[in-house]
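>>> Okay, predicted coordinates and the sequence, questions at the end:
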Amino acid sequence: MSLLTVRAAAERMGIGYSTLKQWIFQGKIRTTTTAGGHHRLSETEIDRMLAKHTPSAHAHAGTARKPTGLIVALSGRNRLRGFVEEVRLDGLLGQVRLRIGDQTLTAVITSDAINELKLHRGDDALAIIKSTEVMIAREVEAPRVPAKRRRARR
């Protein structure tokens, strides 16, 4: 029986490290503690948790199969590479904030898409923009308007 570190187990389960640590402290998942006090998870326990949180196979019997192919090219030309700064989920929708250099791009996408992409804070990601309405703007310095002088009252 091989044991995994908490970080390796979280990665394998597709959840955040802090989430798994919370589950451990709440007693939702069983661990083995090393002599140094570090938690280790068995593969059996990881499989048990994955089975618990994965819908059963017979529930999907009537639904269409998910595509498993690898996308090798995409028609969108405006690709912005960055890292995920924040992920917020609220019901059907979620908000993803992507840091691209010193700029921030915010996208509102479905919660299903966030879960399928396994997006977490700190992950590398691409924003691919395809739109028929893109506006371009330029900024110039605003002209300075001199302050009006006050008249002295007599």
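Sure, I can see it.
>>> can you give me the strands in the chain?
For the chain, the strands defined by DSSP state E cover 3-5, 32-33, 39-42, 78-90, 93-100, 103-110, 124-129.
>>> Could you dump these into TSV and include mean pLDDT?
Output for the strands of the chain, formatted as TSV (pLDDT from 0 to 100):
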stretch	mean pLDDT
strand 3-5	89
strand 32-33	90
strand 39-42	90
strand 78-90	90
strand 93-100	93
strand 103-110	92
strand 124-129	88
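>>> Packed most tightly, which of these would that be?
strand 39-42 (a mean of 19; mean count of other Cβ atoms under 10 Å). (C-beta placed from N, C-alpha, C; glycine too.)
>>> By mean pLDDT, point me to the weakest helix or strand of this structure.
Sorting the helices and strands of the chain by mean pLDDT, DSSP states H and E puts helix 43-53 at the bottom, at a mean of 78.
>>> Only C-alpha atoms, please: export that one in CSV.
Extracted in CSV, the C-alpha atoms of helix 43-53 (Å, rounded to 0.1, in the frame of the first residue of the first chain):
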residue,chain,number,x,y,z
GLU,A,43,-4.5,5.2,-2.5
THR,A,44,-7.5,3.2,-1.2
GLU,A,45,-8.7,6.2,0.8
ILE,A,46,-8.3,8.5,-2.2
ASP,A,47,-10.3,6.0,-4.4
ARG,A,48,-13.0,5.9,-1.7
MET,A,49,-13.3,9.7,-1.7
LEU,A,50,-13.3,9.9,-5.5
ALA,A,51,-16.0,7.2,-5.7
LYS,A,52,-18.0,9.1,-3.1
HIS,A,53,-17.9,12.4,-5.1
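>>> residues of it that come out buried?
45-46, 49 (16 or more other Cβ atoms under 10 Å).
>>> what's next to it, contact-wise?
With contact meaning Cβ atoms under 8 Å, 6 or more residues apart in numbering, helix 43-53 is reached by 1-2, 4, 9, 12-13, 29-31.
>>> got it, and stretch 103-112?
80, 82, 85, 89-98, 127.
>>> Please tell me how far the spatially most central residue of the chain sits from Leu50.
Residue closest to the average C-alpha location in the chain (Cα atoms, centre = their mean): Leu119, at 2.5 Å. Going from Leu119 to Leu50 by Cβ to Cβ, to the nearest Å gives 19 Å.
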